[in-house]
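*Asks:* Okay, predicted coordinates and the sequence, questions at the end:
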Amino acid sequence: MLATRLIPTLIAAAGLAWAAPAIAAEKPVDPYTVSNANAGAQPFTGDQMLAAFHGQAGVARVVDRMVDLSVADPRLAEIFHATDLERLRRTLKEQFDYLLGAGVDYTGRDMKTAHKDQGINTAEFNALVENLQKAMDQEGVAFRAQNQLLAKLAPMHRDVVTR
Amino acid sequence: MKRLLRAAGLAVGLLGAAGAARAGEMVNGGKLLLTGGVTNVEGAGGGGLASWATITGYETVDGVGANVHGTMVNLPDYDFRAYGASLGFRDRIEVSYARQAFDTGATGAKLGLGSGFTFHQDVFGAKLRVAGDAVYAQDSWAPQVAVGVQFKHNDRGAIIKAIGGKDDSGVDYYVAATKVLLNQSLVLDGTLRATKANQAGLLGFGGGKKDDYSLQFEGSAGLLVTKRLLIGAEYRTKPDNLAGLKEDDWMDLFAAYAVNKHLSITAAYADLGEVATFKGQRGLYLSLQAGF
Ligand code: HEM
């Protein structure tokens, strides 16, 4: 646990992630430059948004539920079939934490790079948003706060949807 | 990689429905709840009184969507009813048809038209989305913009002439700007309409005071309370063309509830002001919409 937290941070510090990160559970990805700009939006200021999500623990529950729902979702199953879910869960949690103002760094790829080979269409994008809404409902995140996070994610449609 | 697998799948002739959907381009449904708006009095995608820049139906850029609707407004001295159907293509083009009935009921006798006298109007609409994105472009204030045209034909030409109307048919042109502000949970629309219509065409087109097009405003402001419920208010200005029959602006307070992606209900308290000499036409607006 500590190692999986530390290693990405070290990699982030080095400014570059290597093709074969030393994280046993995660599969290697092509090298890329680590930067918070990869998260695709500016974070909220203040601690209200993170509080609305019940802290990083709440964010983790939301992300895990969203991923679980999406993997089980017949509309999306094919896309997530071959996905490294370990890495996806970790980077999504970082990204949401970062955007919600948790002061966490995002160490994943930018949205364009991460989704360029997925062939995602708008209906699939929206299906994922619906799963996120379900996960946020289950976590008891207030509807206003849900929409505020969605306002950050919605413009990523441009980079995520490729057909 | 997945692309390759898909292509390979196709190459060996596995052109099943699912394969066609993934490789092909038609995917019906998939829009987020309420983001297509509901069906308004004229059969266009919008609020209750206003036409919006959104395209009707739950289709995305990859498919088609459709709706049927029924609407009624119970006023102190009249009843209004409408039904119709609309189609949305690739979240880009909307075509719609509505048949409206303006039933004068017992008031018809007082007006000298005969009890139960009813005006009918056919409204054929088309709308083209021309710029912007109401939902996804949350990093920009630029609204989604659409231009629309509504061809209206009223079946009571003789009476319309008798009350001073110039025509029993007319064409409205409008440009609508709509934006969902997710950060504020708001849905806003402002629409400019060039029209000659009297009471939206239910009393014909043009009149003794004016027989020219005038520019009118209609708008909606709504708050998303939950992902299924939008509450808000609308305002619609109107020309006042007929010499003898004053007409007022319209307004309403509405709640649009999406039961699911196939069914939504809009309830409103509408204030239509003075209609054919009868003042204070306020009442319940109810609209049911079914589609995909
Ligand atoms: C705003 C919406 C979205 C956000 C914020 C988002 C975020 C992310 C993040 C952070 C990653 C990991 C990046 C990395 O590995 O470095 C990722 C990867 C991925 N995402 Fe998304 N995503 C979004 C939409 C979608 C949608 C709509 C789908 C599919 C329906 C999808 C499918 C995937 C898949 C399959 C991967 C793994 C890619 C790979 O293994 O190479 N994402 N996404």
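*Replies:* Done, it's in. Numbering: from 1, shown residues only, chains lettered A, B, ... in the order given.
*Asks:* pLDDT score for the residue nearest to the spatial centre of chain A?
*Replies:* The centre of chain A sits closest to A:Leu92, judged by C-alpha atoms, centre = their mean, with a distance of 2.0 Å. Note on A:Leu92: pLDDT of 98.
*Asks:* can you confirm it is in a helix?
*Replies:* Yes: counting by DSSP: H, G, I helix; E, B strand; the rest coil, A:Leu92 is found in a helix.
*Asks:* Which residue is the nearest non-sequential neighbour of it?
*Replies:* Among residues not flanking A:Leu92 along the chain, A:Val63 sits closest, at 4.7 Å (C-beta to C-beta, 6 or more residues apart in numbering or on different chains). Every C-beta, even on glycine, is put in place using the N, C-alpha and C of the backbone.
*Asks:* Show the contacting residues for the residue nearest to the centre of chain A.
*Replies:* Neighbouring residues of A:Leu92 by C-beta atoms under 8 Å, 6 or more residues apart in numbering or on different chains: A:63, A:66-67, A:108.
*Asks:* any low-confidence regions in the stretch 151-292 of chain B?
*Replies:* Scanning the stretch 151-292 of chain B for pLDDT under 70 picks out nothing.
*Asks:* again, 90 this time
*Replies:* Within the stretch 151-292 of chain B, the ranges that satisfy pLDDT under 90 run B:244, B:292.
*Asks:* Which stretches in it count as helices?
*Replies:* B:157-162 (DSSP state H, counting those that start in this stretch).
*Asks:* give me the residue from it nearest chain A.
*Replies:* For the stretch 151-292 of chain B, the residue closest to chain A is B:Leu182, as judged by C-beta to the nearest C-beta, at 3.8 Å.
*Asks:* Please name the residues that touch the residue nearest to B:Tyr58 when sequence neighbours are not counted.
*Replies:* Closest residue to B:Tyr58 apart from its sequence neighbours, by C-beta to C-beta, 6+ apart: B:Lys31 at 4.4 Å. Contacts here follow C-beta under 8 Å, 6+ apart; on that basis B:Lys31 touches A:123, A:126, B:57-60, B:65, B:91, B:261.
*Asks:* The ligand: which of the residues you listed is nearest?
*Replies:* Proximity of those to the ligand (C-beta to the nearest ligand atom) peaks at A:Asn126, which lies at 8.0 Å.
*Asks:* any idea of the mean pLDDT for stretch A:33-49?
*Replies:* The average pLDDT within stretch A:33-49 is 97.
*Asks:* Can you give me the first-to-last residue distance of that stretch?
*Replies:* The first and final residues of stretch A:33-49 sit 28 Å from each other (C-alpha to C-alpha, to the nearest Å).
*Asks:* Now tell me what touches that stretch from outside.
*Replies:* Taking C-beta under 8 Å, 6+ apart as the rule, stretch A:33-49 contacts A:11-12, A:15-17, A:32, A:50, A:94-95, A:98-101, A:105-111, A:145, A:148-149, A:152-153, A:155-156, A:159, B:139.
*Asks:* After the helix or strand hosting the residue nearest to A:Leu92, which helix or strand is next? Please name it.
*Replies:* Using DSSP states H and E, A:Val63 sits in helix A:55-71. For helix A:55-71, the following helix or strand on the C-terminal side (DSSP H and E) is helix A:77-80.
*Asks:* and that next one, how far from the chain's centre?
*Replies:* 16 Å (C-alpha atoms, centre = their mean, to the nearest Å).
*Asks:* check whether that helix contacts the ligand.
*Replies:* Yes: Helix A:77-80 is in contact with the ligand by C-beta under 6 Å from any ligand atom, via A:79-80.
*Asks:* buried ones in that helix?
*Replies:* A:79-80 (16 or more other C-beta atoms under 10 Å in any protein chain shown).
*Asks:* Stretch B:282-292 now?
*Replies:* B:282-283, B:285, B:287-289, B:291.
*Asks:* Could you check which residue of chain A lies nearest chain B?
*Replies:* Here the residue of chain A nearest chain B is A:Ala123; by C-beta to the nearest C-beta that distance is 2.6 Å.
*Asks:* and A:Ala154, that one's in a helix?
*Replies:* Yes: looking at A:Ala154 with three-state DSSP, it is inside a helix.
*Asks:* ok, how many other residues are close to B:Gln121?
*Replies:* By other C-beta atoms under 10 Å in any protein chain shown, the residues close to B:Gln121 number 25.
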